[in-house]
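mind folding the following:
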Amino acid sequence: MRLCRFSGYLATTRLICLFCLCVTLASPDDCPPVDRGWWVRVCDAKTEASGVRIDLGLGGVAAQNTRRYWRDWHHGDPTEFELPFDRQDLWHARKIWLQGTTLTHKKNVYLGLGFGDHITKHYDFDDHEDHERVRDDTDEWKCP
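The predicted structure follows:
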């Protein structure tokens, strides 16, 4: 048992050393990109509502019990954010469900759900909108 823990420690130490070496000595082209996972971007310029409520969960009918309120976004908040730490089950999930609900009735919200380096779905609504997306999907993003 102790040998397994020590082996895990050595592997972690090697990874940290490799990362530090890559950061300090190598050019950016020599270091592989970090897989970003799922993220959300709000287009402040196209969002007329005072804010948006965001609910999220895993995709698929069987995963409906994972869907819950995540956060509200308001003008002045950062326009791009990663998924919450307490939802690590979603960070690299193959399929995710997201629902946006405007906080100001009949005022437009424009937001995007992204994975890695691309937008998988843009949402453009004045009430609410929800979709399930697979991380390989791509969609347009038209935000000035």
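
pLDDT averaged over the helix or strand hosting E129, what's the number?
Assigned by DSSP states H and E, E129 falls within strand 128-134. The average pLDDT for strand 128-134 rounds to 95.

counting contacts, what elements does it pack onto?
strand 95-102, strand 109-115, strand 118-125 (3 or more CB pairs under 8 Å, 6 or more residues apart in numbering; DSSP states H and E). In this view, the C-beta of every residue, glycine as well, is placed from N, C-alpha and C.

closest one to A45 among these?
Nearest to A45 among those is strand 109-115 (8.3 Å), distances taken as CB to CB.

pull the residues that contact that closest one.
Under the criterion CB atoms under 8 Å, 6 or more residues apart in numbering, residues 36-43, 46-49, 52, 54, 73, 96, 98, 100, 102, 119-126, 131, 133, 135-136, 139, 141, 143 lie in contact with strand 109-115.

mean neighbour count, the helices and strands packed on strand 128-134: which tops it?
strand 109-115 (a mean of 24; mean count of other CB atoms under 10 Å).

strand partners of that one, parallel vs antiparallel please.
Within its sheet, and counting by DSSP bridges, strand 109-115 is paired with strand 38-42 (antiparallel), strand 118-125 (antiparallel).

any chance of those strands in TSV with distance to F85 and mean pLDDT as columns?
As requested, the strands paired with strand 109-115 are exported to TSV (distance: least, CB to CB, whole Å; pLDDT from 0 to 100):
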stretch	distance to F85	mean pLDDT
strand 38-42	13	97
strand 118-125	21	97
